[in-house]
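**Student:** Sequence and predicted structure, then a few things I'm wondering about:
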Amino acid sequence: MKTKPNIIVIEDDCDMQDLITAFFKPRSYDVLSYDDPAKALADISEQKLDFDVIITDLKLPNMSGIEFTKSIKALGI
């Protein structure tokens, strides 16, 4: 049984990533943060990470937030 909602944050700006994490953690969310969308995608698909929400930047290195979201959808997750 899951106790806390899980959020995955993909943000290449460290300050913004910290701000988002600092907002959700005290509100009883588990937050997993990435600065590289390819690494996040690999972990999600290989480790079968369980998440409720993904918060992603639109402009990321090597892949846009839209492309990332399409990749997640293509995985059937």
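**Tutor:** All right, it came through fine. Since the structure is predicted, the reported quantities are computational estimates derived from the model, not experimental observations.

**Student:** and L49, backbone torsions?
**Tutor:** Dihedral pair for L49: phi -60, psi 140, per degrees, to the nearest 10.

**Student:** start at 49 instead
**Tutor:** Sure, I'll start numbering at 49, so the last one becomes L97.

**Student:** That one: neighbouring residues, count only.
**Tutor:** A count of neighbours around L97, defined by other CB atoms under 10 Å, yields 13. In this view, the C-beta of every residue, glycine as well, is placed from N, C-alpha and C.

**Student:** D78 is in contact with that one, correct?
**Tutor:** No. With contact defined as CB atoms under 8 Å, L97 does not count as touching D78 (10.6 Å).

**Student:** quick one: common contacting residues for these two?
**Tutor:** N54 (CB atoms under 8 Å, 6 or more residues apart in numbering).

**Student:** got the contact list for V79?
**Tutor:** Shown in contact with V79 (CB under 8 Å, 6+ apart): 54-57, 68-69, 72-73.

**Student:** neighbouring strands for the helix or strand containing it, and are they parallel or not?
**Tutor:** Using DSSP states H and E, V79 sits within strand 78-82. Strand 78-82 has its sheet partners listed here by DSSP bridges as strand 54-58 (parallel).
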